[in-house]
Every structure is written in C-alpha cells, then in structure tokens.
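coordinates for the following, if possible.
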Amino acid sequence: HDDFGAKYFHEAATKAPAAFVQNVLPAVMEITDAAVYDNERSRPKRDAVWPILFHSQHDSADSACRNALVAALEALAMDVPETLNDDVAELRRRETYIANFLLLRLFTAGAAHFADQAVDLLYDQPWRLHCGFSDSAYWVAKQLIQAVVPICSAKSRTRLEKAILNYSSDYERTPGGHTL
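This is a model prediction of the structure:
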C-alpha cells in the first residue's frame, strides 16, 4: 500500500472536520456497503476495503482515509456533538463493520453527550460489541464501555451489564465454538 495522500487526509480532517465528515462519510459508507463480502451473513458485515483493522504508525492511503474520518468524527463529537445526529442515524442503520467502528469511536469521544444512547445501542444490538482491531476484536467496544460506564444512568448501567453477560459471538454459538 502506498502512503501517498495520507498527509492530506489528516490535514483536511484536522482543519475542517465538519466538511470532511460531510464529504467523506457518505462516500466511505457507499463504498463499504458495495464491497461487503457476498457470503457475509453475520453482523457486523466485513467488506473488501477494510476486512481487518490494524494498528499502525504508518498510514497507507486507505487507512489514512479511515483514520482521518475517525479523527474528524471524534473532534465533532467532543466539540459539537449535537451536529452529528444525522450522521449517528446513518451509521446506526448500517450493519457493516466500518459503520459500527465509526459509530462506536464517535460515541466514545462524545461519551458525555451520547452515553445513554450508546448503552441503548449495545443493549438492543449486542452484535455491535464485536468491534476492534486484528489483535483485539473487542477493543473499540471496550473503550466505549470504559467511557460511558462512569457517566451513564444507573438504568443504562444495568442494561449494559445484561448485554455483556448475555453476549456470545456467532462463532461461540457454533458446534466448534464451545471450545473457546
């Protein structure tokens, strides 16, 4: 992968996060929706663009696009979370891994505003807990949980506990999954 353009993605997202999200998020969603693997049945659905997410200190152009989009969403979630309602709704309606990844990162950064909404999402759609990186499949969900637990309502905390305790991955529900 070539790193040409990585610098420009990050600069654009930093200088104008709202414009970056407005222009890049719809394109990323359209591309990842079109690239979902045909045989993908379980949620979140993986795509051919970002099938597995890696931590790296050196962005390729495709990871720079994703990382810059995350940075822009996080900046807006911290500074002006109320402007993200349409983006949150758009990400919530999708079942792709990348949409879930972006949504959970947004909720983590804007936990002060989105805590109870984030817990409701995890309770209603526990498949969203499967969100992380190649070396830690639940890392992003773990970070979200750490961010919201101290500030969400007692009712939400109880719901979150139930969601976590009742969660099992699709693989764990297969004949071979009992060996985990």
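
and the pLDDT at the most centrally placed residue in the chain?
Ranked by distance to the mean C-alpha position of the chain (Cα atoms, centre = their mean), the top residue is Phe101 at 1.5 Å. Looking at Phe101, its pLDDT is 97.

you'd agree it is up against His130?
No. Between Phe101 and His130 there is no contact under Cβ atoms under 8 Å: 10.3 Å. Yep, even glycine has a C-beta here, placed from its N, CA and C like the rest.

before we move on, the earlier item: for Ser136, see how far away the residue nearest to the centre of the chain is.
Relative to Ser136, Phe101 is positioned 13 Å away (Cβ to Cβ, to the nearest Å).

is Val49 in a helix, a strand, or coil?
Assigned with DSSP: H, G, I helix; E, B strand; the rest coil, Val49 falls in the coil class.

which residues sit against stretch 68-85?
9-10, 12-14, 17-18, 20-21, 24-25, 28, 87, 101-102, 105-110, 112-114 (Cβ atoms under 8 Å, 6 or more residues apart in numbering).

among the residues you listed, the buried ones, what's the PyMOL command?
Written as a PyMOL command, the selection of buried residues from those, which uses 16 or more other Cβ atoms under 10 Å, is:
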select buried, resi 9+10+12+13+17+20+21+24+25+28+87+101+102+105+106+107+108+109+110+113+114
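
correct me, but Ser63 touches Ser56?
Yes. Using Cβ under 8 Å, Ser63 is in contact with Ser56, at 6.5 Å.

could you check which of the two has the larger neighbour count?
Ser63 (19 against 12; other Cβ atoms under 10 Å).

show me where the protein has its helices.
Remark: helices assigned in the chain by DSSP state H are 6-15, 17-34, 61-79, 85-92, 97-109, 111-124, 139-148, 154-166.

let me know the average pLDDT across the first one.
Read it as helix 6-15. Rounded mean pLDDT across helix 6-15 is 93.

restricting to C-alpha, output it in PDB.
Taking Å, rounded to 0.1, in the frame of the first residue of the first chain, the C-alpha atoms of helix 6-15 are listed here in PDB:
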ATOM      1  CA  ALA A   6      -2.100  10.200   3.900                       C
ATOM      2  CA  LYS A   7      -0.800  13.500   5.000                       C
ATOM      3  CA  TYR A   8      -3.600  15.300   3.100                       C
ATOM      4  CA  PHE A   9      -6.400  13.200   4.600                       C
ATOM      5  CA  HIS A  10      -5.200  14.100   8.100                       C
ATOM      6  CA  GLU A  11      -4.700  17.800   7.300                       C
ATOM      7  CA  ALA A  12      -8.200  18.100   5.800                       C
ATOM      8  CA  ALA A  13      -9.800  16.300   8.700                       C
ATOM      9  CA  THR A  14      -8.000  18.500  11.200                       C
ATOM     10  CA  LYS A  15      -8.600  21.800   9.500                       C
END
